[in-house]
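# make a model of this:
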Amino acid sequence: MRLRICRDLAADPEAVWSDVCRIDTHVEWMADAVSIAFRTAQREGVGTEFTCLTRLGPLRTTDVMRVTEWEAPSVLGIEHRGAVRGRGRFTLRATPGGTRFCWEEELRFPWWLGGPLGARVARPLLRRVWSKNLERLASRVSGR
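Next comes the predicted model:
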């Protein structure tokens with residue numbers, strides 16, 4: 001399943017990055033992220049590993065993640081290594097009004113979450129949840 005959502009944010013890329021690069025605060029703007037626990041002493045940069053308890057409706061999974069890209073203030077890439085596998089990426093690009101923030105994911109669901117059929121069913125729900133997550137992020141960064 002591939003999904004890409006973009007939103008314009010009323011803050012410059014450095015201000016947005018200063019929020020997004022603090023991985024442990026993602027639970028404050030991502031409704032589907034319940035908790036984050038680091039698996040490495042490292043908290044930022046390529047090689048950082050963490051688990052994220054993720055909840056989508058009645059479904060819960062612990063997502064194991066590893067940072068694969070870290071190009072401040074423009075790219076943060078993640079590899080999903082838990083039950084749900086794949087890659088995710090945040091990209092930030094300066095615009096006249098602030099920042100164009102894009103969230104891209106390519107995910108493979110395990111059989112017990114319905115595999116490809118589960119992904120097809122989850123896609124519109126994830127689009128809705130992640131769009132609202134970006135609304136919350138926009139509120140956070142525009143208030144600074």
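# for Gly115, give its distance to Met1.
Noted for Gly115: a distance of 10 Å to Met1, by CB to CB, to the nearest Å. Quick note: C-beta positions are derived from backbone N, CA and C, even for glycine.
# intersection of neighbour lists for those two?
Counting by CB atoms under 8 Å, 6 or more residues apart in numbering, the common neighbours of Gly115 and Met1 are Phe109.
# look at those two and report which has more neighbours.
Neighbour totals were compared for Gly115 and Met1, and Met1 leads with 17 against 12 (other CB atoms under 10 Å).
# the more buried one and Arg123 touch, don't they?
Yes - counting by CB atoms under 8 Å, Arg123 is a contact partner of Met1 at 5.5 Å.
# just confirm Phe90 is within a strand.
Yes - Phe90 sits within a strand when classified using DSSP: H, G, I helix; E, B strand; the rest coil.
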